[in-house]
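Student: from the sequence below, what's the structure:
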Amino acid sequence: MSRVAAVIKNGLVENIIEIAEGVKGDSEIQIRNAIEITNLNAGVGWAYEKGKFIAPPKTQEQLDAEAEQVAKAETRSAAEAKLLELGLTSEDLKALLG
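Tutor: Numbering: from 1, shown residues only. Next comes the predicted model:
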């Protein structure tokens, strides 16, 4: 399995790089201002402070999309509850709504 590192510049992740096979230890990685990451918990544009990666704030577009998904889920849940109240079974709902 390959290893990856985040290249840090002025406290921000500037790039994600793959560490070449055969590179051992931290000395060669540190020369490149990179921090090895083990489970891709960072990306370009993330901050790096006090040994932790911090995700950038979400854009308004991302927030709006999340709000829309929540609203759709709530509407579906309310509709399912109403249909159950009207006497449909869980199997009926599955056949009707998928």
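
Student: tell me the phi and psi of the residue lying closest to residue 41 once chain neighbours are set aside?
Tutor: In this structure, residue 41 finds its nearest non-sequential neighbour in residue 53, 5.8 Å apart by CB to CB, 6 or more residues apart in numbering. Just so you know, the C-beta spots here come from the backbone N, C-alpha and C atoms, and that holds for glycine as well. As for residue 53, its main-chain torsions (degrees, to the nearest 10) stand at phi -90, psi 140.

Student: over to the one 3 residues further on?
Tutor: Backbone geometry at residue 56, expressed as degrees, to the nearest 10, gives phi -70, psi 160.

Student: what distance do you get for it to residue 50?
Tutor: 17 Å (CB to CB, to the nearest Å).

Student: neighbour count winner among these two?
Tutor: residue 56 (12 against 5; other CB atoms under 10 Å).

Student: can you pull the contacts of that one?
Tutor: 45, 46, 47 (CB atoms under 8 Å, 6 or more residues apart in numbering).

Student: which of those fall within strands?
Tutor: The strands, defined by DSSP state E, take in residue 47 from those.

Student: which of the contacts of residue 56 has the most neighbours?
Tutor: Most surrounded of those: other CB under 10 Å gives residue 46, at 19 neighbours.

Student: picking that back up, just the closest of the contacts of residue 56 to residue 36, please.
Tutor: residue 46 (14.7 Å; CB to CB).

Student: with adjacent residues omitted, what lies nearest to the closest one?
Tutor: Residue 46 sits nearest to residue 13 (CB to CB, 6+ apart), 4.5 Å away.
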